[in-house]
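Novice: Quick one, what's the 3D model for this:
(chains A and B)
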Amino acid sequence: MSDMNWQPRIVAFFCSWCTYTAADLAGVSRFRYAPNVRIIRLMCSGRIDPQFVLCALADGADGVLIGGCHPGDCHYAEGNFKTFRRYRMILRLLADMGVAGDRVRLEWISASEGERVKTVINEMVERIRALGPLDIPGRFAACDSEILESADAIRLPQCKETHDVVPEVVHG
Amino acid sequence: MDKPKIGFYWCASCGGCEEAIVDLAEDILRITAAVDLVFWPVALDFKKEDVLAMPNGSMAAVFINGAVRTSEQEEMASLLRAKSQFVIAFGACAQLGGIPGLANQFSRDSILNYVYDGAPTVVNEKHVRPSVRCEDNNRTLTLPEFRSVVRTLEQIVHVDYFLPGCPPTPRLITSAIDALLTGKLPPPGSVLAPDVALCDQCPRKKSKPEQIRFAAFKRPHLTSMDSDLCFLAQGVVCMGPATRGGCEALCPAANMPCTGCFGPTSRVHDQGAKMLSSLSAAVDAKESDQVDAVLAGIPDPVGTFYRYALPASLLRFSANIGSAAVKETL
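Specialist: Residues are numbered from 1 along each chain as shown, chains lettered A, B, ... in the order given. Model (predicted):
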């Protein structure tokens, strides 16, 4: 995709108790940060199903940012550890699937660290900008053009609806 | 009245699904008494021309097994779709991509380079590659095109029902055919197997602990496995929690863990991600290097979590294959 107007599109999953509250604080404090992140609030980073991460990427996100409470501070005691373990495996899975590991980032940000939200988001946007578009939908389309251009008889099926896995915001 | 006409076809598959039909044993006599088998290349001498000669929609149902990798398979799938009222994806490869679908980690070039040059048993001094067209003694020879990725049947044609398994069990096959013959069909698009996780039907279910913790992952060929205890409780990766039941828990009964051939239940979109989630979260460690050390016990995440379902997964194929395709189209 050589679109000159391309801007990084990042989906962020923030836990309600720490990182989302920190993002609120960043807003109230009028910190300015890059507008490329769509934040989705979850009750706990432990709620982040790896399907959410893969679905965001498959639907066109260039990166995924996960924010949770610092180790030991999880409102539900163990949720952020579960996320951390899944995250380590997701990175290996993505590497095997040709997706650079630094497109998915996990950060612990407590409710008082509004400044940190700004820094992390700005860093993430710059990192994704340097990596360029991921554009998995475009890759699907490019690969599937080989079956579209063959016989008239060959039709693509209606793709499975995957959207109910991740909230609507991804498509914004 | 004419008996309903049934066909079987195979795409990229090992032949095990064909074997599963033969495994119906005496039941096959009951089935062939009720239907006319009009197309089954592995067993009957009907050709593509015979299918072309049939009126559209004249077959009651066609069972297609195997993933789709070549242009010929696409053409046959489309042809059979036109000739048949119902298309049933038969087995894990047709439903999810199956074992051949694991090739979606590698580019077409790297696959062809290995098979026609790199493999230790191959001598190919001229580095010949198969091509879709070549001239020989004034004859034109053609081959189907080898596509850039493996696809599920549903990614090529509309599929009415799915029969899961590697291969589907005789019980599921007979109940599917009986449902077709009696018209007692579930909603279109259904998978013709119970919509519960395998754990629910596993004879070892009672020994599944409430809290599972993995201090290490053990691999089946390096482990002496207890024949009654839940595999997960033994630290062995078992895909049961993320896999649909209906197989009568054949593998656990033979003291082997589930590898996931029945695919996910209807509530799960990506079988591999769901299993990754469940297993990784239960690792008994908190520090980065300890977590990584335990997770290293699963040396091949894609091959473990997506053994049968890579082309049907959210990511479908390696992004590297995609970027090569994007470059070609520019």
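Novice: For the stretch 151-300 of chain B, what lies in contact range of chain A?
Specialist: B:151, B:154-159, B:268-270, B:272-274, B:276-277, B:279-281, B:283, B:285-286, B:288, B:291-292, B:295, B:298, B:300 (C-beta under 8 Å from any C-beta of the partner chain). C-beta here means a position set from N, CA and C on the backbone, and glycine is covered the same way.
Novice: could you flag which of the residues you listed are buried?
Specialist: B:151, B:154-157, B:159, B:268-270, B:272-274, B:276-277, B:279-281, B:283, B:285, B:291-292, B:295, B:298 (16 or more other C-beta atoms under 10 Å in any protein chain shown).
Novice: one step back: okay, and which of the residues of the stretch 151-300 of chain B next to chain A map to helices?
Specialist: Among those, the members falling in helices (DSSP state H) are B:272-274, B:276-277, B:279-281, B:288, B:291-292, B:295.
Novice: and the residue in the stretch 201-330 of chain B positioned nearest to chain A, how many neighbours?
Specialist: In the stretch 201-330 of chain B, no residue comes nearer to chain A than residue B:322, which is 2.5 Å away by C-beta to the nearest C-beta. Using other C-beta atoms under 10 Å in any protein chain shown, residue B:322 has 26 neighbouring residues.
Novice: Then residue B:124?
Specialist: 12.
Novice: just residue B:52 next, same as before
Specialist: Residue B:52 has 10 nearby residues by other C-beta under 10 Å.
Novice: can you check residue B:130 too?
Specialist: Residue crowding around residue B:130 was assessed by other C-beta under 10 Å; the count is 12.
Novice: So, low pLDDT: which residues of the chain?
Specialist: In the absence of a named chain, chain A is used. Residue ranges of chain A with pLDDT under 70: A:1-3, A:149-172.
Novice: oops, I was thinking of chain B
Specialist: B:1, B:330.
Novice: So which residues of it form strands?
Specialist: B:5-10, B:36-39, B:59-65, B:68-70, B:84-90, B:133-136, B:139-142, B:146-151, B:161-163 (DSSP state E).
Novice: With distance to residue B:50 added, can I get those in JSON lines?
Specialist: Converted to JSON lines, those look like this (distance: least, C-beta to C-beta, whole Å):
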{"stretch": "strand B:5-10", "distance to residue B:50": "10"}
{"stretch": "strand B:36-39", "distance to residue B:50": "7"}
{"stretch": "strand B:59-65", "distance to residue B:50": "11"}
{"stretch": "strand B:68-70", "distance to residue B:50": "21"}
{"stretch": "strand B:84-90", "distance to residue B:50": "14"}
{"stretch": "strand B:133-136", "distance to residue B:50": "26"}
{"stretch": "strand B:139-142", "distance to residue B:50": "21"}
{"stretch": "strand B:146-151", "distance to residue B:50": "26"}
{"stretch": "strand B:161-163", "distance to residue B:50": "24"}
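Novice: Can you tell me which of these is nearest to residue B:221?
Specialist: strand B:146-151 (26.4 Å; C-beta to C-beta).
Novice: How about residues contacting that closest one?
Specialist: A:143, A:146-147, B:12, B:67-71, B:74, B:97, B:100-101, B:103-104, B:107-108, B:112, B:130, B:310-311, B:316-317, B:321, B:324-325 (C-beta atoms under 8 Å, 6 or more residues apart in numbering or on different chains).
Novice: Of those residues, which belong to helices?
Specialist: Using DSSP H, the contacts of strand B:146-151 in helices are A:143, A:146-147, B:71, B:74, B:108, B:112, B:321, B:324-325.
Novice: Residue B:57 - nearest residue in space that isn't next to it in sequence?
Specialist: residue B:85 (5.6 Å; C-beta to C-beta, 6 or more residues apart in numbering or on different chains).
Novice: Count the neighbours of the one you found for me.
Specialist: Using other C-beta under 10 Å, residue B:85 has 15 neighbouring residues.
Novice: Same question for residue B:192.
Specialist: 22.
Novice: Tell me how far it lies from chain A.
Specialist: 18 Å (C-beta to the nearest C-beta, to the nearest Å).
Novice: so that residue sits right up against residue B:179, yeah?
Specialist: Yes. The pair residue B:192 and residue B:179 qualifies as a contact (C-beta atoms under 8 Å) at a distance of 7.3 Å.
Novice: what touches both of those two?
Specialist: The contact lists of residue B:192 and residue B:179 share residue B:186, where a contact means C-beta under 8 Å, 6+ apart.
Novice: on that earlier part again, which residues touch the residue of the stretch 201-330 of chain B closest to chain A?
Specialist: A:98, A:136, A:138-140, A:142-143 are the contacts of residue B:322 under C-beta under 8 Å, 6+ apart.
Novice: repeat that with 6 Å
Specialist: When contacts are counted by C-beta atoms under 6 Å, 6 or more residues apart in numbering or on different chains, residue B:322 touches residue A:139.
Novice: now residue A:42
Specialist: residue A:13.
Novice: ok, now residue B:29?
Specialist: Residue B:29 makes no contacts at all, as judged by C-beta under 6 Å, 6+ apart.
Novice: so how far is residue B:174 from it?
Specialist: 12 Å (C-beta to C-beta, to the nearest Å).
Novice: in chain A, which spans are strands?
Specialist: So, for chain A - with DSSP E - the strands run A:10-15, A:37-42, A:63-68, A:104-108.
Novice: Need these in TSV (columns: distance to residue B:255).
Specialist: Conversion of those to TSV gives the following (distance: least, C-beta to C-beta, whole Å):
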stretch	distance to residue B:255
strand A:10-15	40
strand A:37-42	40
strand A:63-68	39
strand A:104-108	37
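Novice: Which of the ones you listed sits closest to residue B:236?
Specialist: Per C-beta to C-beta, nearest to residue B:236 of the strands of chain A: strand A:104-108, 28.3 Å.
Novice: The residue of the stretch 51-200 of chain B found nearest chain A: how many residues sit nearby?
Specialist: Residue nearest to chain A within the stretch 51-200 of chain B: residue B:78 (4.2 Å; C-beta to the nearest C-beta). Per other C-beta under 10 Å, the neighbour tally for residue B:78 reads 18.
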